[in-house]
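A.B. asks: sharing a sequence plus its predicted fold:
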Amino acid sequence: MPSHRNHSFLYRNGLSIAVLSLMLLFWALQFYTGWHAKNEELEEDGFAKLDITQYLNSGHFVQATFENWESEFLQMALYVLLTIKLRQKGSSESKKLTGTEEVDREPKAHPNAPSPVIKGGWRLRIYENSLSIAFALLFLISFVLHFYGSFRDQNQTALLEHKPLQTWQHYMAGSRFWFESFQNWQSEFLAVASIVILSIWLRQKGSPESKPVDAPHYQTGD
C-alpha cells in the first residue's frame, strides 16, 4: 500500500475541503440574504430591523439552517440502511443482485484495523453500525434545533404583533413545523432516487459515483 506521505495534505483531503468550503460559503450567503429578507419583512410591517447579532440568535436563522440539515441527515441515515438489503438493477449505487460483497464480510482483527475491531465485543458491535448511528443522532439533533428555531420564530413574530404565544406542544401539533420538514424530506429522497436511477443509463468519466463509461446498462454496482 503506498504511503499517504507521498501526497500533500490538500491532495489527501481535497474532496472534504472542497465540499466543506462550499457549504460554509453558501451558509454565509444564506445568513446574509436571510438577514436582509427578514429585515425587509420587519420593515414592511413597521418593526425595527435586526442587527447581525440579533439575527444570528433569531428563530428565523436557526429554523432555516436546521430544517435543511435535518433532511440531509435523515436522507443519509435511511439511505445507508436501505442499501444494505435493497437492490436496483443496473445502478452504480446498489450492491450486486447476487452474492456477497466485501462490505458484507465479517470484520477480522489485524494490525491496521480500527481499534474497535481489534478490541471486539460491544465496541465492535457499535462500530459495525456507527455510520447509521452517527447520521441518526445528527438527524435527531437537527430535528430538535429545527423545531426550536421554528417555534422561536413563530413566537417572536407573535410577540411583535401582540398575539398570544403558543406552547411548544400546541406548535408541535400544528401544520407549519411539519410543512417545513416534509417539503425538505421529499426533495432529499427525490435527489437520492435521481442518482440511483440515472446512474443506470448515464455516466460520468472519472467519478466513483458512476459506472465505467463502457459498462453495460444492466451492470449493477460501481
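C.D. replies: Right, received. Where do you want to start? Please read these numbers as outputs of a predicted model, since none were measured by experiment.

A.B. asks: OK, contacts around the residue positioned nearest the centre of the chain?
C.D. replies: Geometric centre of the chain, nearest residue: residue 72, 2.4 Å, by C-alpha atoms, centre = their mean. With contacts defined as C-beta atoms under 8 Å, 6 or more residues apart in numbering, residue 72 is in contact with residue 188. For the C-beta atoms, the positions are set from N, CA and C on the backbone; glycine is no exception.

A.B. asks: please report how far it lies from residue 138.
C.D. replies: According to C-beta to C-beta, to the nearest Å, residue 72 stands 9 Å off from residue 138.

A.B. asks: spit out the residues that contact these two alike.
C.D. replies: If you check residue 72 and residue 138 against C-beta under 8 Å, 6+ apart, no residue is contacted by both.

A.B. asks: low-confidence regions, this protein specifically.
C.D. replies: 1-5 (pLDDT under 70).

A.B. asks: now the host helix or strand of residue 157: buried residues?
C.D. replies: Assigned by DSSP states H and E, residue 157 belongs to helix 130-160. Going by neighbour count (16 or more other C-beta atoms under 10 Å), the buried part of helix 130-160 is 132, 135-136, 138-139, 142-143, 145-147, 149-155, 157.

A.B. asks: how about the secondary structure of the residue nearest to the centre of the chain?
C.D. replies: Under DSSP: H, G, I helix; E, B strand; the rest coil, residue 72 falls in the helix class.

A.B. asks: could you measure from it over to residue 20?
C.D. replies: For residue 72, the distance to residue 20 - C-beta to C-beta - is 14 Å.

A.B. asks: one more: residue 211?
C.D. replies: On the measure of C-beta to C-beta, residue 211 and residue 20 end up 27 Å apart.

A.B. asks: between these two, which is the more surrounded one?
C.D. replies: Under the criterion of other C-beta atoms under 10 Å, the comparison of residue 211 against residue 20 puts residue 211 first, with 23 against 11.
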